[in-house]
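Chemist: Using only what follows, build the 3D model:
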Amino acid sequence: MAGSTSLLGAIHDVSLSVLLISDEWSPTRGGISQFNRRLAIAFAAAGHRTACLVSAAAPIEFEDARKHGVTLHTAVMTPSGPNLSVPVPEVVAWQPDVIIGHDIVSGAVAWTYAERYVPTARFAYVLHTAPSQNEPYKRGGEAARRTAERENEIRRTAIDADIVAAVGPLLARRAEAVVDDGFGGVRVLPLDPGLDLPADHTGHPRRPPSNPIVLMVCRTTHAEPKGLDIAANALVGVRVPYGKPKPELRIRGASGTQCDSLRTELLKQSSLARDRIDVRAYSANPADITHDMRQAALVVMPSRAEGFGLAALEAIGMGTPVLVSDRSGLAETLRHHLGRNAEPMIVPVEDDIAKDVHVWSEAIQRVLDDLPTTFKYAHQVREELATKLCWSATVDEIASRLPIPAPRSHTS
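Modeler: So this is what the prediction gives:
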């Protein structure tokens, strides 16, 4: 662990060179890349020289990064494809002051850059998942082995980090239980994501849509922890007045080849009519997600395991009503900042499908029965959180904890 001397002077007087590493720029695979993109943009907006290294990028992504003041670099191409761990000459020559890696996606790559290629750089390691929370839903009989392997990897990476951080208080507590030595040797910094308000935010509530779309935005490869079955079955029990349109479930986040098969599986599980489930591929264009959220009457996140839940926070920024699992890190963050005013957005998940479907069906019913009131509440929540959750504060929190750059000793 590096020394604890802090950067001199107020953070706004210090301009850093910051390299963020992720598998992608546009968030086609979920919350980690979404967090990375927003954090990079916030570092650039704060006046720091900011670059991002990704596996590959399309021209639209280079342009999006450039527009936000971020220089995008892509991994070296090898016979087996792009490899983030092979040093990119331009990135190494740039000599960043800070290198930020994310969890299993790029934590080890960022460690490699900080330990081997740019030894004067400070290394910030950001955790987005808790293995003991997620692996039981992903690995079945391999959960115990995989949890131990992931926690060991986290400890080995964290020991050389200048900052170990986690998204939200829930993950920070779980991460500290993994990395700390019991004497405060490796403390975990909780990071609240910022609330993104649209550029055309008018300060007024959104108008409820005429067609009631219930939206989920998530990685559908993790169907069970995300609670896709809970959402589909909960919609079956929603009662609709005579002559009114029935709500449909839209899921954004499948791979292009998975959309039809996932839709078929959810139809089979729920017995919903075929026109009431719409599964769409994740898009590299952030405008597509924005369009979905602005069409939705409600965004739901009935997760059995959810480290944070950035997509639901994004929906709040759009002024769209949300219902989130009480097992999510976002639920804890909302309660921290809003107190009891957060409770209408938080729904329990017990991992009992019959109970969960009933509770979520009733919660969705309450929202759809009075959309005008719900949208006013969503607007009030957005206005209050906008003063408390700011990406600029997230940047300051990271930068103010960094020690002064100095030569690092290599780990053998």
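
Chemist: which other helices and strands contact the helix or strand bottoming out on mean pLDDT in the chain?
Modeler: Counting by mean pLDDT, DSSP states H and E, the chain has its least confident helix or strand at helix 131-138, which shows a mean of 78. Helices and strands touching helix 131-138, by 3 or more Cβ pairs under 8 Å, 6 or more residues apart in numbering; DSSP states H and E, are helix 143-158, helix 168-179, helix 223-226. C-beta: built from backbone N, CA, C; applies to glycine.

Chemist: Flag every buried residue along the shortest one.
Modeler: What it means is helix 223-226. Across helix 223-226, burial judged by 16 or more other Cβ atoms under 10 Å covers Ala223, Pro225, Lys226.

Chemist: thinking again about what came up before, and the helices and strands packed on helix 131-138: which comes nearest Lys268?
Modeler: Lys268 lies closest, by Cβ to Cβ, to one member of the helices and strands packed on helix 131-138: helix 223-226, at 13.0 Å.

Chemist: quick revisit: out of the helices and strands packed on helix 131-138, nearest to Ile60?
Modeler: With Cβ to Cβ as the measure, helix 223-226 is the member of the helices and strands packed on helix 131-138 nearest Ile60 (27.1 Å).

Chemist: what's in contact with the closest one?
Modeler: Helix 223-226 is contacted by residues 134, 137-138, 216, 218-220, 229, 262, 301-306 when judged by Cβ atoms under 8 Å, 6 or more residues apart in numbering.

Chemist: same thing but 10 Å
Modeler: For helix 223-226, contacts defined as Cβ atoms under 10 Å, 6 or more residues apart in numbering pick out 30, 133-138, 216-220, 229-230, 251, 253-254, 258, 262, 265-266, 301-306, 325, 327, 351.

Chemist: Could you do stretch 54-65 as well?
Modeler: Residues contacting stretch 54-65 (Cβ under 10 Å, 6+ apart): 20-26, 33, 36-37, 40-41, 44, 50-52, 70-75, 77, 81-84, 106, 109, 284-286.

Chemist: Output the below-cut-off pLDDT ranges for the chain.
Modeler: 1-13, 29, 138-140, 404-412 (pLDDT under 70).

Chemist: re the thing from before, show me the contacts of stretch 54-65 that map onto helices.
Modeler: Ser33, Asn36, Arg37, Ala40, Ile41, Ala44, Ser106, Val109, Pro286 (DSSP state H).

Chemist: Report the two of those separated the most.
Modeler: Val109 and Pro286 (23.9 Å).

Chemist: Give me the more crowded residue out of these two.
Modeler: Taking other Cβ atoms under 10 Å, Val109 and Pro286 do not tie; Val109 has more neighbours (22 against 15).

Chemist: Would you mind confirming that that one is in contact with Ala75?
Modeler: Yes - counting by Cβ atoms under 10 Å, Val109 touches Ala75, with 9.0 Å between them.

Chemist: got any residues that touch both of those two?
Modeler: Ile21, Asp23, Leu53, Ser55, Asn83, Leu84, Ser85, Val86.

Chemist: And the fifth one, how close does it get to Gln380?
Modeler: When Cβ to Cβ, to the nearest Å is the yardstick, Asn83 and Gln380 sit 48 Å from each other.

Chemist: circling back: among the contacts of helix 223-226, which lie within strands?
Modeler: Met216, Val217, Ile251, Gly253, Ala254, Met301, Ser325 (DSSP state E).

Chemist: In the sheet, which residues pair with Ser17? Tell me.
Modeler: Beta-bridge pairing for Ser17 (DSSP bridges): Arg49.

Chemist: Count the neighbours of it for me.
Modeler: 18.

Chemist: from what I can see Ser400 touches Leu16, true?
Modeler: No - the criterion here is Cβ under 10 Å, and Ser400 misses it with Leu16 at 11.2 Å.

Chemist: So those two - more neighbours on which side?
Modeler: Taking neighbours as other Cβ under 10 Å, Ser400 and Leu16 compare with Leu16 leading, 22 against 12.

Chemist: The more buried one touches Arg122, doesn't it?
Modeler: Yes - using Cβ under 10 Å, Leu16 is in contact with Arg122, at 8.8 Å.

Chemist: how close does the residue nearest to Asp288 when sequence neighbours are not counted get to Leu298?
Modeler: Spatial nearest neighbour of Asp288, excluding adjacent residues (Cβ to Cβ, 6 or more residues apart in numbering): Arg252 at 7.8 Å. For Arg252, the distance to Leu298 (Cβ to Cβ) stands at 14 Å.

Chemist: Identify the contacts common to those two.
Modeler: Common neighbours of Arg252 and Leu298 (Cβ under 10 Å, 6+ apart) are Leu215.

Chemist: mind pulling up the phi and psi values for Tyr282?
Modeler: Here is the backbone geometry of Tyr282 (degrees, to the nearest 10): phi -70, psi 140.

Chemist: residue contacts, His358?
Modeler: Asn233, Ala234, Gly237, Asp352.

Chemist: same thing but 8 Å
Modeler: Per Cβ under 8 Å, 6+ apart, neighbours of His358: Gly237.

Chemist: Which positions in the one helix or strand it maps to come out as buried?
Modeler: Element membership of His358 [criterion: DSSP states H and E] is helix 353-369. Buried residues in helix 353-369, counting neighbours by 16+ other Cβ under 10 Å, are found at Asp356, Val357, Val359, Trp360, Ser361, Ala363, Ile364, Val367, Leu368.

Chemist: before we move on, what about stretch 81-88?
Modeler: Leu84, Ser85, Val88.

Chemist: Please tabulate the residues you listed in a markdown table, including the columns distance to Leu389.
Modeler: As requested, the buried residues of stretch 81-88 are exported to a markdown table (distance: Cβ to Cβ, whole Å):
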| residue | distance to Leu389 |
| --- | --- |
| Leu84 | 30 |
| Ser85 | 33 |
| Val88 | 33 |
